[in-house]
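**Student:** Return a 3D structure for these sequence lines:
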Amino acid sequence: QVQLVESGGGLVQAGGSLRLSCAASGRTFSSYAMAWFRQAPGKEREFVAAAVGTWSGGIPSYADSVKGRFTISRDNGKNTVYLQMNSLKPEDTAVYYCAADPFNMGTPAPSRYNYWGQGTQVTVSS
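**Tutor:** Residues are numbered from 1 along each chain as shown. This is a model prediction of the structure:
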């Protein structure tokens, strides 16, 4: 069983930055694909970014809407994955969720992720 705890959300003005963190329990963190999703009120949960397990050699993937502004990274020594968000826009406002895929696929499909955090609110004011 893996437990995920997000932190770092908050209120920021448009153009600002935030860094989200997701701390994971478990000894196999480095082999899991980790991803960030977000869900705005009245909308479906959408993919933001994913990073496959360390030994897979893959490169991170991003939704087109955040490419060039957001960066996903992981620190396997701390069992933590991060989402650096720059040049934030009001449309980035959502609850952001961290997710783990023990099969290390790192796909954009939420159904592929077995473990989820509780979410952290990000609000971007115009």
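
**Student:** which residues in this protein form strands?
**Tutor:** 4-7, 10-13, 18-24, 33-39, 46-51, 61-62, 70-75, 80-85, 94-101, 115-116, 120-125 (DSSP state E).

**Student:** Of all those, which one comes closest to residue 108?
**Tutor:** strand 46-51 (3.7 Å; Cβ to Cβ). C-beta coordinates here come from the backbone N, C-alpha and C atoms, glycine included.

**Student:** partner strands of that closest one, parallel or antiparallel?
**Tutor:** strand 33-39 (antiparallel), strand 61-62 (antiparallel) (DSSP bridges).

**Student:** Need the residues that contact stretch 62-75.
**Tutor:** Under the criterion Cβ atoms under 8 Å, 6 or more residues apart in numbering, residues 34-36, 46-51, 54, 60, 80-88, 91-92, 108 lie in contact with stretch 62-75.

**Student:** mind checking how far that stretch is from the chain centre?
**Tutor:** Mean-position distance between stretch 62-75 and its chain equals 9 Å (Cα atoms, centre = their mean, to the nearest Å).

**Student:** bridging residues for the spatially most central residue of the chain?
**Tutor:** In the chain, the centroid-proximal residue (Cα atoms, centre = their mean) is residue 36; its distance is 2.1 Å. Per DSSP bridges, the residues bridged to residue 36 are residue 49, residue 98.

**Student:** Distance check, it against residue 97.
**Tutor:** Distance of residue 36 to residue 97, computed by Cβ to Cβ, to the nearest Å: 7 Å.

**Student:** now swap in residue 81 and tell me
**Tutor:** 12 Å.

**Student:** Neighbour count for the two, which is higher?
**Tutor:** residue 81 (29 against 23; other Cβ atoms under 10 Å).

**Student:** Would you confirm that that one contacts residue 24?
**Tutor:** Yes: using Cβ atoms under 8 Å, residue 81 is in contact with residue 24, at 7.2 Å.
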